[in-house]
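Student: Everything below, folded, please.
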Amino acid sequence: MTKRLHLCLALILMAALALLAACANAGNQTQTQPPASGLGAPLAVSQPSGEGYEGDIVFGSYRVNAIQPEKVNQADWRFVGRRGLTMTQAFSFALSGGDQDWHCVCALGGDKTGMPLNVGTLMGYGFALDPTHSKALACILRPAGKGRTWHMSLYAPPSKWKDQGLLADPKVQGGLSDGASQTIRVRAKGVVAVETVGAQMPSEYHFLGDNGEVAQVRVAPPLQVWLDTGNLRDPLAAAVGALLAVHRKRP
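Tutor: Predicted coordinates:
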């Protein structure tokens, strides 16, 4: 009878441990949100498997090309509006396939005490988040012909501590604006990696207008893009192209 009791207790304990492990794994996985139904079918993303800046990134009719590093000029990024942040790396690219071509430049940075960031096309780290330091990504998106220049600024503040003594998942927040009548909120969230130092990059970004979601891009496999079909499609595609370029990884 005693042996049976011990066996039952052991089985119950094993089942409880298995349940806890399953819950922990579920909590560590990135929660994805389905795109708004009005965005239509997803656009598959194709990108080269080589290293460095070689090759184009394609999604739908859009093509991100001519990706190349640029010299950082801090004065260009004052619109980010965050004290203590220094932009450390910059790159430019062109976007074709829409109503007109776009010429874009982006920069990555962080607070002065943080580790330097690396553009995904250069070193393969992407917009990796560090829960203990501030990070920033900013872009200037210019149409080649008529139209307003758009600015995108994304900011990830240091994470707060949870009650259990764990760091909360770092959040990315910011916006895309034409400086006049259009402002689109951008939201994303990274995941604190328990088994490694720091945090993982966001898996998807959501662009939110006054009436709901206008674009979404998934930068983790499977790479996909959803875009609004209205007059914001081209500037949204430029912003999406910037995020795909930033998160492009080495094989």
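Student: show me where this protein has strands.
Tutor: 43-46, 57-59, 62-70, 85-96, 102-111, 135-143, 150-156, 171-177, 183-189, 191-192, 199-200, 204-209, 212-218, 224-227 (DSSP state E).
Student: mind listing what the fifth one pairs with, with the direction of each?
Tutor: Each strand that strand 102-111 pairs with, and the sense of that pairing, follows from DSSP bridges: strand 85-96 (antiparallel), strand 135-143 (antiparallel).
Student: still on that earlier bit, so which of the strands of the chain comes closest to residue 79?
Tutor: strand 150-156 (5.5 Å; C-beta to C-beta). Where you see a C-beta, it was placed from the backbone N, CA and C, and this is true even at glycine.
Student: quick one on the thing from earlier: looking at the strands paired with strand 102-111, which is buried most?
Tutor: strand 135-143 (a mean of 23; mean count of other C-beta atoms under 10 Å).
Student: would you list the strands of the chain in JSON lines and tack on distance to residue 243?
Tutor: Compiled in JSON lines, these are given as follows (distance: least, C-beta to C-beta, whole Å):
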{"stretch": "strand 43-46", "distance to residue 243": "11"}
{"stretch": "strand 57-59", "distance to residue 243": "10"}
{"stretch": "strand 62-70", "distance to residue 243": "10"}
{"stretch": "strand 85-96", "distance to residue 243": "11"}
{"stretch": "strand 102-111", "distance to residue 243": "9"}
{"stretch": "strand 135-143", "distance to residue 243": "8"}
{"stretch": "strand 150-156", "distance to residue 243": "9"}
{"stretch": "strand 171-177", "distance to residue 243": "10"}
{"stretch": "strand 183-189", "distance to residue 243": "9"}
{"stretch": "strand 191-192", "distance to residue 243": "17"}
{"stretch": "strand 199-200", "distance to residue 243": "15"}
{"stretch": "strand 204-209", "distance to residue 243": "6"}
{"stretch": "strand 212-218", "distance to residue 243": "6"}
{"stretch": "strand 224-227", "distance to residue 243": "9"}
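Student: Just put those in JSON lines and tack on mean pLDDT and distance to residue 244.
Tutor: Shown next, in JSON lines, are those (pLDDT from 0 to 100; distance: least, C-beta to C-beta, whole Å):
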{"stretch": "strand 43-46", "mean pLDDT": "94", "distance to residue 244": "6"}
{"stretch": "strand 57-59", "mean pLDDT": "96", "distance to residue 244": "5"}
{"stretch": "strand 62-70", "mean pLDDT": "93", "distance to residue 244": "6"}
{"stretch": "strand 85-96", "mean pLDDT": "91", "distance to residue 244": "10"}
{"stretch": "strand 102-111", "mean pLDDT": "91", "distance to residue 244": "11"}
{"stretch": "strand 135-143", "mean pLDDT": "92", "distance to residue 244": "12"}
{"stretch": "strand 150-156", "mean pLDDT": "91", "distance to residue 244": "13"}
{"stretch": "strand 171-177", "mean pLDDT": "88", "distance to residue 244": "15"}
{"stretch": "strand 183-189", "mean pLDDT": "90", "distance to residue 244": "13"}
{"stretch": "strand 191-192", "mean pLDDT": "58", "distance to residue 244": "19"}
{"stretch": "strand 199-200", "mean pLDDT": "56", "distance to residue 244": "17"}
{"stretch": "strand 204-209", "mean pLDDT": "92", "distance to residue 244": "10"}
{"stretch": "strand 212-218", "mean pLDDT": "94", "distance to residue 244": "7"}
{"stretch": "strand 224-227", "mean pLDDT": "96", "distance to residue 244": "8"}
